[in-house]
Structures are given as C-alpha cells and as structure tokens.
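Asks: structure here, sequence nowhere to be found:
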C-alpha cells in the first residue's frame, strides 16, 4: 500500500474534527513529500537534528510538531518555526521555551505531557505534578508560551479496557484543567492521544489529535 492510499484510508475513517499528526520520525523526506502531496500538512518528529534537516528541505507550509522528549539545550534550534511541542513536562523546560520564544519574537504553542501509563520509561508530569505545576501559577508569567491542551500515552498492552481507562483519565484531566485554569482560553482545546495501535479507542474517549506513523509510513 502506498503512503497516499494509507493517508486517504485513514482520513476517511476519522472525523474531520480530529487532527492527524503523521509521525514521520526515522522516515525519509521522500515519504513525507508523498504524504504532503496527498494533502497531509501536520508531521511529527522526535529528534531535533532530524527535524532540522527535514525542515530545511521540505515545504515551508508544513506544520511541524515535536512529539519526543525535548532537551532544554535543543529548544533554540526549533523555536523559530515549531508549530506545537507535545512534550512540555517541566517548569525548567517551560522557562527555556519562554526564553527562546522571546528571542524569536513568537509565542510557542505547547501541550502539557501527562503520564498515566504504567511503563516507567514514559515521560511527562504525573497528574499530581501537573496540578502542582498549574497551581504554582508561574506559567502565567510566560507570555511566549501558549498552552493548547494535554498529551498522553496509554500503556503498551493488549488490554483494551486498561487503554480506555487511561485515555479517559487523560480526558478527565483535560476537563479539570480547562475548567480550573483555562476556562477563558480559546487555545486550550487539544487532547493529543492515540497512536497506530490504539487511536480508535482514543477518539472514542475524546482525542482531538492522533499521532499515527506505522499505519501511514509502514514499519521503520
């Protein structure tokens, strides 16, 4: 199956309200170009160096999303153009994004990464850490950081009910934070959850943005 046909099939199966992030990490620019030619505009990368080279050679109307763990010393490289950082998971990272946003005279959209999965390898705020972070209020002083919602991953398991429960928890946290801290914010509206293996369940549980790689591009 071609990249074009895979994207068209996926798009036909998903509501227009759900944004598709084509996870292009480790895939060559030619495959991204094929997806682009099929109408895809949002791509997800998780390594700054790889993103830098792809940004340089691909069309400038692509929305690049950074979906991996982001080291503070790498923020400056993507700050001029990144459309959304999915992995904002600490106050220190927020302060660096704020600094680089100010240098580039732009507001950088971010998602609060929340860890609900059982794997210790997953990153992100625990729910209580995120509550403490928001309650501290320091984020209100960052005029170059914009919070657009939350991101999270389910445990890698065959247990669909566990996956559903974890997605429901992420959705519940989004609602809690929206009501308590972002009720006036037009931009705080995204729930980024769901990947190739579990995106249908994620959408049923309220995802507004899915991150799909293997289904579109095949195995790396």
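Replies: Thanks, I have the structure now. Just so it is clear, the model here is predicted, and its values are computed rather than measured. Residues are numbered from 1 along each chain as shown.

Asks: ok, now which ones touch residue 201?
Replies: By CB atoms under 8 Å, 6 or more residues apart in numbering, the contact set of residue 201 is 154, 160, 163, 164, 167, 194. Placement of C-beta: from N, CA and C, glycine included.

Asks: mind listing what's buried along the helix or strand harbouring it?
Replies: Counting by DSSP states H and E, the element that carries residue 201 is helix 199-204. Residues of helix 199-204 classed as buried by neighbour count (16 or more other CB atoms under 10 Å): 199, 201, 202, 203.

Asks: could you do stretch 168-178 as well?
Replies: Applying 16+ other CB under 10 Å to stretch 168-178 flags 169, 170, 171, 173, 174, 177, 178 as buried.

Asks: do you know how far the residue most central in space within the chain is from residue 161?
Replies: By CA atoms, centre = their mean, the mean C-alpha position of the chain lies nearest to residue 86, the distance being 3.3 Å. Residue 86 sits 25 Å away from residue 161, going by CB to CB, to the nearest Å.

Asks: what do you get for residue 220?
Replies: Taking CB to CB, one finds residue 220 at 29 Å from residue 161.

Asks: can you pull the pLDDT of residue 174?
Replies: Reading off the confidence values, residue 174 has pLDDT 98.

Asks: packing partners of the helix or strand it falls within?
Replies: Element membership for residue 174, per DSSP H and E: helix 160-181. For helix 160-181, the packing partners by 3 or more CB pairs under 8 Å, 6 or more residues apart in numbering; DSSP states H and E come out as strand 108-115, helix 127-136, strand 145-153, strand 190-192, helix 199-204.

Asks: any chance of the ones you listed in JSON lines, with distance to residue 36 too?
Replies: Formatted as JSON lines, the helices and strands packed on helix 160-181 follow (distance: least, CB to CB, whole Å):
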{"stretch": "strand 108-115", "distance to residue 36": "21"}
{"stretch": "helix 127-136", "distance to residue 36": "34"}
{"stretch": "strand 145-153", "distance to residue 36": "23"}
{"stretch": "strand 190-192", "distance to residue 36": "21"}
{"stretch": "helix 199-204", "distance to residue 36": "21"}
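
Asks: of all these, which lies closest to residue 55?
Replies: Judged by CB to CB, the one of those that comes nearest to residue 55 is strand 108-115, at 15.0 Å.

Asks: next one: the closest one to chain centre, how far?
Replies: Strand 108-115 sits 7 Å away from the centroid of its parent chain (CA atoms, centre = their mean, to the nearest Å).

Asks: which one of the buried residues of stretch 168-178 is nearest to residue 61?
Replies: Nearest to residue 61 out of these is residue 174 (CB to CB; 28.5 Å).

Asks: from what I can see that closest one touches residue 191, true?
Replies: Yes. Contact criterion CB atoms under 8 Å: residue 174 and residue 191 qualify, at 5.1 Å.
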